[in-house]
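Trainee: After the sequence you'll find the predicted model.
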Amino acid sequence: MSEISKAPPPELFTLTTDQWTKPFWEAAAAHRLVAPKCGCCSTFRMPPTPFCPNCLSQALEWPELSGHGVLYSYTIVARAIIPEMAAHLPYVPALVELPDAGGVRLITNIVGAPLDALEIGCPVEVVWDDRPDGVSIPCFRLVRTD
Ligand SMILES: [Zn+2]
């Protein structure tokens, strides 16, 4: 049986926001996955940036997404680089493409997945990792297709 992917430990993570990322994390706290979209030309951008790379506008909208994506890339971390990570192995940092946000990619973790089931291009859906400090992290799990 394949090992199951886990999430990194919450005590190693401290969220810091700014005016460009705060709306993302406020929506995440309510378990809503959103992506920044230019208020002028409708180009999505991830991560949020002060200026649209297409038209240089600073206007932003934050439409809610379906939470469905496609596994674009991943790696399996099987060795603890610090002792605090040992109980959280293996974990799977990943890039998930979000088709309903113009194909932007979110850096995330794949959780609850048998490692031998991971495959580039497989469908994934958001799940929320609710941390003790009130922060909710969007992670993704494999979507069963059977
Ligand atoms: Zn724009």
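Mentor: Ah, there it is.

Trainee: Enumerate the residues of the chain near the ion.
Mentor: Counting by Cβ under 5 Å from the ion, the positions of the chain adjacent to the ion are 38, 40-41, 43, 52, 54-55, 57. C-betas here are computed from N, CA, C, even on glycine.

Trainee: mind listing the helices in this protein by residue range?
Mentor: With DSSP state H as the criterion, the chain has helices at 22-29.

Trainee: Could you find the residue nearest the spatial middle of it?
Mentor: The residue lying closest to the centre of the chain (Cα atoms, centre = their mean) is T108, at 3.4 Å.

Trainee: does that one have beta-bridge partners, and which?
Mentor: Beta-bridge partners for T108, by DSSP bridges, are A94.

Trainee: re earlier: could I get the residues of the chain next to the ion as JSON lines with distance to T16 and pLDDT?
Mentor: Formatted as JSON lines, these follow (distance: Cβ to Cβ, whole Å; pLDDT from 0 to 100):
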{"residue": "C38", "distance to T16": "24", "pLDDT": "97"}
{"residue": "C40", "distance to T16": "28", "pLDDT": "98"}
{"residue": "C41", "distance to T16": "29", "pLDDT": "98"}
{"residue": "T43", "distance to T16": "26", "pLDDT": "97"}
{"residue": "C52", "distance to T16": "23", "pLDDT": "96"}
{"residue": "N54", "distance to T16": "27", "pLDDT": "96"}
{"residue": "C55", "distance to T16": "28", "pLDDT": "98"}
{"residue": "S57", "distance to T16": "25", "pLDDT": "97"}
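
Trainee: Could you tell me which of those count as buried?
Mentor: Neighbour-count burial (16 or more other Cβ atoms under 10 Å) applied to the residues of the chain next to the ion gives 38, 52.

Trainee: Now intersect the residues of the chain next to the ion with the strands, please.
Mentor: Per DSSP state E, strands hold the following members of the residues of the chain next to the ion: C38.
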